[in-house]
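[1] Prediction below, plus the sequence it came from.
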Amino acid sequence: MRVLILGPQGSGKGTQAARIAEASGTPHVATGDILRAAVADGTALGREVAPILDRGDLVPDELMVGLIRERLAVEDSFVLDGFPRTLAQAEALDAMLDEIDKALDTVLLLEVSDEESTRRLLGRAAAEGRADDTPEAIANRLRLYHELTEPVVERYRQRGSLVEIDGERSMDEVFSAIANALERSQVTG
Ligand code: AMP
């Protein structure tokens, strides 16, 4: 199973991606988690990206594409979360999948309003203290989502491969909507 999950920060995509991955025994490839682990480990990559993450800016496409290329080389199936975030990344992903002769089964979009995203992220800031959950970084991440990631959403929508899920319901309701969508795509795909 090769699934992509898109949605703004605070849409619950990390939580849902982890649940899909666990329920289906598929690796969860979350670029934000990979980058935060590099920061925590103090690797060269971590030192390079730490200030970018803190500001809520995007890590350069080249670096991200390199990271994903390494992972796709070893994973046959995946739940990809946090990538692609720009059109350049989406084009690179298409090319990589073509190269290894694989296609995505499903592209999910978790839809949540800016108000709800911001409310959830500020709540998470209080609970988890993530360095990039400051009000300034949150606003910056949402702005970049609209500017750079929505065109990626549009690209998949135009291809007819996007499954839109209302992300403003409870975690369990969202998960069962996703499970239904995945089942349908296995049947029809
Ligand atoms: P996330 O956990 O997906 O919200 O990602 C946290 C941060 O990691 C983002 O705000 C970006 O700084 C960086 N990041 C994660 N994925 C990407 C990506 N595909 N392209 C650029 N930056 C990324």
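    The structure has been received and is ready for your questions.

[2] Can you report phi and psi for residue 101?
    Backbone dihedrals for residue 101, given as degrees, to the nearest 10, come out at phi 60, psi 50.

[3] again, but for the one 4 residues further on
    In this entry, residue 105 is assigned phi and psi values of phi -80, psi -40 (degrees, to the nearest 10).

[4] Distance-wise, check it relative to the ligand.
    Look at residue 105 and the ligand: by CB to the nearest ligand atom, to the nearest Å, they are 20 Å apart. Where you see a C-beta, it was placed from the backbone N, CA and C, and this is true even at glycine.

[5] right, and that residue touches residue 20 too?
    No: assessed by CB atoms under 8 Å, residue 105 is found out of contact with residue 20, at 11.5 Å.

[6] So between the two, which is more surrounded?
    In terms of neighbours (other CB atoms under 10 Å), residue 20 is the more surrounded of residue 105 and residue 20; the figures are 22 against 15.

[7] Count residues in the vicinity of the closest residue to that one other than its chain neighbours, would you?
    Closest residue to residue 20 apart from its sequence neighbours, by CB to CB, 6 or more residues apart in numbering: residue 79 at 5.1 Å. A count of neighbours around residue 79, defined by other CB under 10 Å, yields 28.

[8] What of residue 46?
    Counted by other CB under 10 Å, the residues lying close to residue 46 total 16.

[9] and it, what does it touch?
    Neighbour list for residue 46: 35, 37-40 [criterion: CB atoms under 8 Å, 6 or more residues apart in numbering].

[10] redo that, cut-off 6 Å
    Contacts for residue 46 (CB atoms under 6 Å, 6 or more residues apart in numbering) come out as 38-39.

[11] mind listing what's buried in the helix or strand encompassing it?
    Take DSSP states H and E as the rule and residue 46 turns out to sit in helix 44-55. Of all the residues in helix 44-55, those buried under the rule 16 or more other CB atoms under 10 Å are 45-46, 49-50, 52-53.

[12] Cross-check these against the ligand and keep the overlap.
    Taking CB under 6 Å from any ligand atom, the overlap between those and the neighbourhood of the ligand is 52-53.

[13] Can I get the buried residues of helix 44-55 in JSON lines including pLDDT?
    Converted to JSON lines, these look like this (pLDDT from 0 to 100):
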{"residue": "45", "pLDDT": "96"}
{"residue": "46", "pLDDT": "97"}
{"residue": "49", "pLDDT": "98"}
{"residue": "50", "pLDDT": "97"}
{"residue": "52", "pLDDT": "97"}
{"residue": "53", "pLDDT": "95"}
